[in-house]
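Chemist: Provided below are the primary sequence and the corresponding predicted coordinates.
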Amino acid sequence: MDILRALEAIVGPSRVSSEKAVCEGYKYNPWLGREWSEHLRPDIVVLAETTEQVSEVVKAANTYKVPITPKGLLGGGGLAGAFRGGILLDLSPMDRIISIDPETLKAVVEPGCSFYRLAQELWNRGLHLPTPFYGPAASVASSAILPATGYGKTRYGPLIDLVEGFEVVLPSGEITRVGAMAYAHTDFGPFYRYVTGPDLVGLFAKSNGALGIVTKVAYQCLKRPKHFAFHAYHWPREGIDAVQKTIVEATNIESFDIHLNDKYRWIIEGPFDFPEGSHFDITVMATAENERELRGKEEVISDIFEGNGGKYLPGLAGHWYHSWPGAFFAGHPRIRPTVPPNIMSETLGRRGYMFIMDKLMFPATWTKEVYNLHLELVHKYGLDQMPFHPVWDSYPMKRQIMCEQYWVFLDDSKPEQVDAYLGCREEVRGWYGQRGGLFQEPVPPLCPDYAWTNQKSEFDLLRTIKQALDPDDILSPGTFEIGGKR
């Protein structure tokens, strides 16, 4: 193939492969499962080491009209995968931390760098960033351009809110820089995102790489707090109104981090036994520069949580924030409690997987309605009869935004379980889409149509921009589609 020779000339023969075994290895996706992995096999895998190589690879893809999908560190095909085949561009060799400035609180990093590696370097220099939940494979670029969140999201929001600038290879192969990276070469350095003119950093956020391939990220870092506090409170099932009120009020005071679960999570994970009659728990983290400030914040938290009927649950918050995979800060000394025996004995030796029923965003004042809907439909479709009851996992972010994902545990070799799961998911989507809900990930084939039809005017503008930048739909094709049609 002529394109193979062209790619080999750019990155070297050892970093290009169309071998079936290699491409098979890159087709697997940790989020989509077996159903979609069979459709995500790339035709060619390319590993790039520099921005210039990425640029030339994109130009070659244009010349030969071959689609190209970028990926970071996450195993296999990355978060999305080569949805239309073609080239899968592996950016994991581009993993340098270019600079960290403890005085201006800025870091510039290449796209393949592990977020955990960056977090550790920052921690050692008295800084930190909210670190994504989803394990050490998260890269700095994917965390920036996807709706990634980390511990600290209640106060600081999604990670894109802390991005100051990008270096990007456009669909034409042109290298451009936006936001703070547009003037990174000056004496001042990349100190502010909002340069003269529109905010073009936002153009590449949540784009799935369809408008450009990020090759450098400038992050606004945070000063590492000196003091931390972890607390948890619980409520009965009939306390859902109080739970919602607590979420709203605690988000208003800029709590560092809040997480809401129902009891079914801890039945599975342990080792904490909820008090009799308890159904919901909220874990909360507070930070401060000195003990007096911390005591004041803890007093306010106590007033809000107990004032809304919450009962204190000792031990849970500290355990969870320090032991949950990806939790807290990557650079913080880790505490890894013994794995409760019920987890291993219940899962090993039989087939069973956790499926996430979409990742939804809605106003925090709708928490009660959304939770009740899930519980009602879980019962309707018999999912509450599975060995593990589905789990409500949710958290608020600044601006009173609630994010949730519903975990369902099933044996995907049993069609009746899969059908029940899909039926429940579609009914949730129907209810949710009618009310104007947002979907967290614009990643094909996960993105439901309502995510675009609810914001049709923006979708039309996105298509116009995509057509102008990428008329042949070379980069991450399939991202901006309704009903599977471009």
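Modeler: Yep, it's here. On a predicted model such as this, the values are computed, not experimentally measured, just so you know. Residues are numbered from 1 along each chain as shown.

Chemist: buried sites along the lengthiest helix in the chain?
Modeler: In the chain, taking DSSP state H as the definition, the longest helix is helix 415-434. Using 16 or more other Cβ atoms under 10 Å as the burial criterion, the residues of helix 415-434 that qualify are Q417, A420, Y421, C424, R425, V428, R429, W431, Y432, G433. Where C-beta positions appear, they are placed from N, C-alpha and C, glycine not excepted.

Chemist: Provide the strand pairings for the helix or strand just after it, with the direction of each partner.
Modeler: Using DSSP states H and E, the next helix or strand after helix 415-434 towards the C-terminus is strand 438-439. In the sheet, strand 438-439 lines up against strand 353-363 (antiparallel) (DSSP bridges).

Chemist: by contact count, what packs against the next helix or strand along the chain from the strand it pairs with?
Modeler: The element immediately downstream of strand 353-363 (helix or strand, assigned by DSSP H and E) is helix 367-380. Contacts defined by 3 or more Cβ pairs under 8 Å, 6 or more residues apart in numbering; DSSP states H and E place helix 367-380 against helix 240-252, strand 353-363, strand 391-397, strand 401-410, helix 415-434.

Chemist: which stretch in these is the model least sure about?
Modeler: When mean pLDDT is averaged over each of the helices and strands packed on helix 367-380, strand 353-363 scores lowest at a mean of 82.

Chemist: Quick check: the spatially most central residue of the chain vs L162, distance?
Modeler: The chain has A148 as the residue nearest its centroid, 2.9 Å off, counting by Cα atoms, centre = their mean. Distance, A148 to L162, by Cβ to Cβ, to the nearest Å: 11 Å.

Chemist: what's the overlap in contacts for the two?
Modeler: Overlap between the contact sets of A148 and L162, as judged by Cβ atoms under 8 Å, 6 or more residues apart in numbering, is nil.

Chemist: the bottom helix or strand of the chain by mean pLDDT?
Modeler: helix 341-347 (a mean of 38; mean pLDDT, DSSP states H and E).

Chemist: what about the protein, any weak spots by pLDDT?
Modeler: Filtered on pLDDT under 70, the chain yields the residue ranges 1, 30-36, 74-80, 133-137, 147, 270-272, 322-352, 441-445, 484-486.

Chemist: how's it carved up into domains?
Modeler: Following automatic domain parsing, the chain resolves into domains at 97-223, 227-343, 350-439.

Chemist: orientation of the longest helix of the chain relative to strand 353-363 in degrees?
Modeler: On the basis of axes from the mean of the first three to the mean of the last three Cα atoms, to 10 degrees, helix 415-434 is oriented at 10 degrees to strand 353-363.

Chemist: which helices and strands sit right next to helix 415-434?
Modeler: Helices and strands touching helix 415-434, as assessed by 3+ Cβ pairs under 8 Å, 6+ apart, comprise strand 353-363, helix 367-380, strand 401-410, helix 450-453.

Chemist: Hmm, P190 is touching E167, no?
Modeler: No. With contact defined as Cβ atoms under 8 Å, P190 does not reach E167; the gap is 10.0 Å.

Chemist: what's the overlap in contacts for these two?
Modeler: Joint contacts of P190 and E167 (Cβ under 8 Å, 6+ apart) are M181.

Chemist: Neighbours of L462, how many?
Modeler: Residues contacting L462 under the criterion other Cβ atoms under 10 Å number 19.

Chemist: quick one: contacts of the helix or strand in which it is found?
Modeler: Using DSSP H and E, L462 sits in helix 456-469. Helix 456-469 is contacted by residues L170, P171, S172, L203, A210, L211, G212, W452, T453, D473, F480, I482 when judged by Cβ under 8 Å, 6+ apart.

Chemist: which residues of the stretch 201-350 of the chain fall in strands?
Modeler: 213-220, 222-223, 227-235, 257-262, 280-288, 311-312 (DSSP state E, counting those that start in this stretch).

Chemist: That's all I had, so thanks and see you.
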